[in-house]
Structure formats: structure tokens, C-alpha cells
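Colleague: Here is a sequence together with a model predicted from it:
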Amino acid sequence: MIVNNNKNIERYIYLAIDLGTTGCRSILFDNKLQQLAVAYEEYGLITPREKWTEQDAEDWWNLTLRTAKAAIEKAGISGRDIRGISISSQGITIVPVDRNLKPLCNAISWLDVRAEAQTRQIEQDFGQEMVYALTGKPIDAAYSLPKIMWLKQERPQIYKDAWKILMPLDYLTAKFTGRCVTDYSMASGTLMYDIQNQCWSRDVLEHYQIKETLLPEVLSSGEPAGYVLPEVAKLLGLREDCMVAVGAQDQKCAAYGAGLEEGVMTISLGTAAAVTKCWTKPDTAVNRGVGWGGYVDVHTWVTEGVINTAGTCLRWTRDMLFKGEAYEVMNEEAKEAMERGSSLLFYPYLNGPSSPDFYPDSEGTFYGVNLATKRGDFALAVMEGIAFQIRILLETMEAYGNVHTLILFGGGANSRIWCQIIADVTGMELRVPKTPEAAGAGAARLAAKAAGQEIEPLSCDASYQPSERAYTYQEKYKKYRDIEKKLWKQEGLA
């Protein structure tokens, strides 16, 4: 805590840990969500064979300590000024640990899809319909349950020796506090979580003979997990009564930081895009083109639609057609293409099917190339294609009629033309927060909550209203959908 003697105002400091798939970021915020300092380090993926993706879980902790120290030093504060800590984390990766929290093998990443046989077994035992109704998720090798089954069958000694099987959020929280806990949003990605009753599914665990004591306790995000352990306080120069809050999965943390609420949806536009809506009760009988999940408290659920390649598509276009040039050049040429009335369409399935339609044979496609097509047309088509996909997800999640505002964050929010296109295509007001670190801001809000303080979401410093082009996009969107269905001639799996 820092006291401003001139104004006699207490200024509390919170440490947010944002553990992504390939990097760890530590960010210091004050109680106005002003960002004070950030430190970031990358780490690698281990790919020992096809379909296997692993990480050294000890890297998660070592980088957390290093980036936290660096952020404290950059901010020019004492670690004792930090009142609370919380974590935003990649989800559904698993690591078995012993009683000393030592990893018994590499963590199996959410990107890992080795558990194909186990995935087929789950489908045979329960079926897609039942699993979706129970968990809000389709059966997929990316989720935690197939990975745990694989571990049990293919590495039985490691499974036998495991005291706990943790996800990254749980592991870091345990390293900070000694307590193994997770939150609703992380548990929701495991295929073992009963989304209606908000607990581990007894039916699933008993069927596969997985002891519930092997899993972390499920709590609300923002609940106190405990004070930092004395040895951790000493390493970071923290006071021993520094509170660690239960965090959340990174996309949910970012939505919380940005201000997701009834009437307001969030869009994370980075490498992939995640479109999130909150609900007061789960209804897994509808909206099956997107996943359901728990959120940061016991009274709220979310649906999340994902565009697998979003910012990736724009980067790919830059690398192919604008090599060595800045994104601003793409923006300018896209604007020129827009003014010419470009009709080029783009379907962003660069790595295959995506929600909500999951066309089995879909692949990345530019439609309508002709002799007058310029490279700016390609840039514009990519931006519009992602915007059209966002609108598809909004329609799937029944946003029209009850949502009035979209909050956009991530790298794509830096493009003014892209923001305006999304506002025009969706027909909704689009706001952009003052900092891109929405996930960190969400973790800071959770840290403050555990410490007994409420912090408002990020304020927005840019707003985009639908322009006169919105009508033109209505027609172009209809054409986009009609052609899409003709290209793949599928109704999809949703």
C-alpha cells in the first residue's frame, strides 16, 4: 500500500500473473487499474512426436518469479506495497505432481491431441449429446479428461505416484500458497465438470475410476486461496499477509477485466478470436455451436465462440503480400479497397473447421478474385471475413435484441479500420479499453476482490458506432453466408 501524503489517498498495488501458452507476463496495477509496470518472458513448447505437445511446468513457476521481480523493479516499488496477487492462465493443460508439488513428468498441453483412443472411448461410453449436456463441451482430445485417461493407461506408475493432477492456474496458486484450488472457468474445460451443479461430475469420475481427491477444489474466482508462503514472500520481498486470490482461465479473466456483463459482450481479437457472452443460467440444449463454461462467480455462466485463426490470418496475409511492411500499410490499402467497393470474400478456415458451423471440409478460401484485384483487396477481405465470423457467433449466441455493446481487446484492436468494420458488420457499438492487458486487469480485479476491495473494469478510450456502410455490409454478409454454404454444402455439426 502506498499513501499519497498530499491527498491522503491510499493507493493499493496488485500483482497480476498472466501465464499464456508460450509466455509469462507479470503486471502491476493500482486500484484504478492504472498499469504501473509489466515484465514478460517467453518459453517454449516441447514436441517429442506428432500430436504430442508438452511443457516443463517448473518453467511456469520460474518465469512467474522472474517476471514478478522484474515488474516490481521496473515500477520502483517495494514488494511489501503489493496487497494481493491473482493469476490469469492458459486452460486445460495438465501436470501430475507429488506432495511437494514436484512435477512427475512434463505437463501435457491443451494443444496436445495424443489421447485419440481415449476420446473415442468417452464417445462410446457417454456420447456427444450426453457429454455436452453435462459439461457444455464437445468431446475432444484437447480437453483434460482424455489426457488423464491416457496418463492412467500409458503411464500407470506416474498416475499411481501422483498426489494431484493440476492445471497451470492450480499449480501456480499452489506454489504461492500451498493450497490446490481451481475455479469454475478452468474446471469447465476438463470434461469432468458438471456445469449445471457446478462441481466435479461424480458419474464421470466413478466411471473412469478417478478419485476426486486427485483434483483441485473448485472455488469462485476472487475467493481467497491463502496468504503467500513465507519462502515466497522472502523471494519476492512481499509482506507475509499478501493475499492470493483464486484466478481464472485467461479468456474469462480478460472478459472480466474488460467488463463483460448483461448487454455487453467481449471480443478477444488476437492470434485466435474469442467472442464471449454471459448468462444467468446454463442452457446446453441451445447454442450448441459454441461451448458453455463457468465464469468468475457462482451466479454466472458464459458461452464462448472461437475463430481459430483471426489475427493469424492477417499476419499470414502480411507475410505473403506485404512482406517487410507495417500493418499500417495494410490498413491504408484496405481502406482504398473499401472505397473502390471491393467484393472479394475471405473464409478464415486456415486450420480447418471452426465454431459454430464446423464444416468438416472447410479450408481457407478467397472467393471472387479477378484481374482488377489488388493486394489491398486481400487485406480488406481478411478483416471483413473475421468480422462476418464474429457476426455469425453473435447470432448463434442470440445476442441481437439483448446486447447493445461489444468490447474489443487484443492486437486487432490497434487497427482503427478493423474496429470500424466490426462495428458496421455487427451493427453494434464497439469500445476499446485503454490497455490491451485485459487478462491482467481481470486478475488484478480478482486480487482486489480477495483483499476486500472492488475495482471497476477497464475504462475505454475509443468508441466506434456503426456508420453508413452498415447497410452495405448487410447485403455483403448475406452473400457471404450464401456462398459459404454452397462452398461446403454442409449444414455443419452444430
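Modeller: Received the coordinates, thanks. Residues are numbered from 1 along each chain as shown.
Colleague: Extract the residue ranges of the protein that are flagged as low pLDDT.
Modeller: For the chain, the stretches flagged by pLDDT under 70 are 1-10, 286-287, 490-494.
Colleague: Got the phi and psi for the residue nearest to the spatial centre of it?
Modeller: In the chain, the residue lying closest to the centroid (C-alpha atoms, centre = their mean) is Gln251, at 2.5 Å. Gln251 adopts backbone torsions of phi -70, psi -40, taken as degrees, to the nearest 10.
Colleague: Look up how far Leu393 lies from the nearest residue to it once chain neighbours are set aside.
Modeller: The shortest distance from Gln251 to any non-neighbouring residue, by C-beta to C-beta, 6 or more residues apart in numbering, is to Ala274 (4.7 Å). (C-beta placed from N, C-alpha, C; glycine too.) With distances taken as C-beta to C-beta, to the nearest Å, Ala274 is found 9 Å from Leu393.
Colleague: Spit out the residues that contact these two alike.
Modeller: Common neighbours of Ala274 and Leu393, using C-beta atoms under 8 Å, 6 or more residues apart in numbering, are 305, 307.
Colleague: Tell me which of the two has more neighbours.
Modeller: More neighbours surround Leu393 than the other of Ala274 and Leu393, with 29 against 22 (other C-beta atoms under 10 Å).
Colleague: The more buried one should be in a strand, yeah?
Modeller: No - going by DSSP: H, G, I helix; E, B strand; the rest coil, the assignment for Leu393 is helix, not a strand.
Colleague: ok, it touching Val275?
Modeller: Yes - when contacts are counted by C-beta atoms under 8 Å, Leu393 is listed as touching Val275 (4.4 Å).
Colleague: Touching both of the two, which residues are there?
Modeller: In contact with both Leu393 and Val275: 305, 307, using C-beta under 8 Å, 6+ apart.
Colleague: Would you verify that Leu15 is located in a strand?
Modeller: Yes - assessed with three-state DSSP, Leu15 lies in a strand.
Colleague: and the closest residue to it other than its chain neighbours, which of the three is it?
Modeller: Setting aside the residues directly before and after it, Leu15 is nearest to Ile85 in space (C-beta to C-beta, 6+ apart), at 4.6 Å. At Ile85, secondary structure determined by three-state DSSP is strand.
Colleague: State the number of residues packed around Ile85.
Modeller: Neighbourhood size, Ile85 [other C-beta under 10 Å]: 33.
Colleague: Relative to Leu219, how far out is it?
Modeller: Distance, Ile85 to Leu219, using C-beta to C-beta: 16 Å.
Colleague: One more: Glu468?
Modeller: In terms of C-beta to C-beta, Glu468 sits 49 Å off from Leu219.
Colleague: And the two? Which one has more around it.
Modeller: Leu219 (19 against 7).
Colleague: Can you name the residues bridging to that one?
Modeller: With DSSP bridges applied, Leu219 shows beta-bridge pairing to Asp183.
Colleague: can I assume it is in contact with Ser185?
Modeller: No - if you go by C-beta under 8 Å, Leu219 and Ser185 don't touch, sitting 11.3 Å apart.
Colleague: What segments of the stretch 151-300 of the chain are strands?
Modeller: Along the stretch 151-300 of the chain, counting by DSSP state E, counting those that start in this stretch, strands occupy 164-166, 181-183, 193-194, 199-200, 217-219, 224-227, 243-245, 248-249, 264-269, 273-279, 291-294.
Colleague: let me fix that: the stretch 301-450 of the chain
Modeller: Assigned by DSSP E, counting those that start in this stretch, the stretch 301-450 of the chain shows strands spanning 301-307, 345-347, 365-367, 405-409, 429-433.
Colleague: Out of the ones you listed, the one nearest Thr266 is which?
Modeller: Thr266 lies closest to strand 405-409 among the strands of the stretch 301-450 of the chain, at 4.9 Å (C-beta to C-beta).
Colleague: and that closest one with strand 429-433, angle?
Modeller: Interaxial angle, strand 405-409 versus strand 429-433 (axes from the mean of the first three to the mean of the last three C-alpha atoms, to 10 degrees): 40 degrees.
Colleague: any residues touching strand 405-409, and which ones?
Modeller: Residues contacting strand 405-409 (C-beta under 8 Å, 6+ apart): 254, 258-260, 263-269, 419, 422-423, 426, 428-433, 436, 438, 460.
Colleague: With distance to Leu172 and mean neighbour count as added columns, please give the strands of the stretch 301-450 of the chain in JSON lines.
Modeller: Listed next are the strands of the stretch 301-450 of the chain as JSON lines, based on distance: least, C-beta to C-beta, whole Å; neighbours: other C-beta atoms under 10 Å:
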{"stretch": "strand 301-307", "distance to Leu172": "22", "mean neighbour count": "25"}
{"stretch": "strand 345-347", "distance to Leu172": "38", "mean neighbour count": "23"}
{"stretch": "strand 365-367", "distance to Leu172": "41", "mean neighbour count": "16"}
{"stretch": "strand 405-409", "distance to Leu172": "23", "mean neighbour count": "24"}
{"stretch": "strand 429-433", "distance to Leu172": "25", "mean neighbour count": "22"}
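Colleague: Would you format these as JSON lines with distance to Tyr143 included?
Modeller: Output for those, formatted as JSON lines (distance: least, C-beta to C-beta, whole Å):
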{"stretch": "strand 301-307", "distance to Tyr143": "14"}
{"stretch": "strand 345-347", "distance to Tyr143": "26"}
{"stretch": "strand 365-367", "distance to Tyr143": "29"}
{"stretch": "strand 405-409", "distance to Tyr143": "26"}
{"stretch": "strand 429-433", "distance to Tyr143": "30"}
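Colleague: Of all the ones you listed, which one is nearest Leu380?
Modeller: Proximity to Leu380, assessed across the strands of the stretch 301-450 of the chain by C-beta to C-beta, is greatest for strand 345-347 (8.8 Å).
Colleague: Identify the residues contacting the closest one?
Modeller: Contacting residues not belonging to strand 345-347 are listed as 313, 362, 364-368, 378, 381-382, 384-385, 476, 479-480, 483-484, 487 [C-beta under 8 Å, 6+ apart].
Colleague: now do 7 Å
Modeller: Here strand 345-347 makes contact (C-beta atoms under 7 Å, 6 or more residues apart in numbering) with 364-368, 381-382, 384-385, 480, 483-484.
Colleague: Closest to Leu151 out of the residues you listed?
Modeller: Nearest to Leu151 out of the contacts of strand 345-347 is Gly364 (C-beta to C-beta; 34.6 Å).
Colleague: Quick check: that closest one touching Pro353?
Modeller: No - the pair Gly364 / Pro353 is not scored as a contact, 11.7 Å apart, by C-beta atoms under 7 Å.
Colleague: Relative to Ser343, how far out is the nearest residue to Leu314 once chain neighbours are set aside?
Modeller: Distance criterion C-beta to C-beta, 6+ apart; nearest residue to Leu314, sequence neighbours excluded, is Val382 at 5.4 Å. Look at Val382 and Ser343: by C-beta to C-beta, they are 14 Å apart.
Colleague: Ok, Ala245 next?
Modeller: 50 Å.
Colleague: hmm, back to that, filter the contacts of strand 345-347 down to the buried ones, PyMOL style.
Modeller: Filtering those down to the buried ones (16 or more other C-beta atoms under 10 Å) takes a single PyMOL command:
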select buried, resi 364+365+366+367+381+382+384+385+480+484
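Colleague: which residues sit in contact with the residue nearest to the centre of the chain?
Modeller: 268, 274, 276, 304.
Colleague: swap in Arg155?
Modeller: Cys105.
Colleague: Could you give the backbone dihedrals for it?
Modeller: Here is the backbone geometry of Arg155 (degrees, to the nearest 10): phi -130, psi 60.
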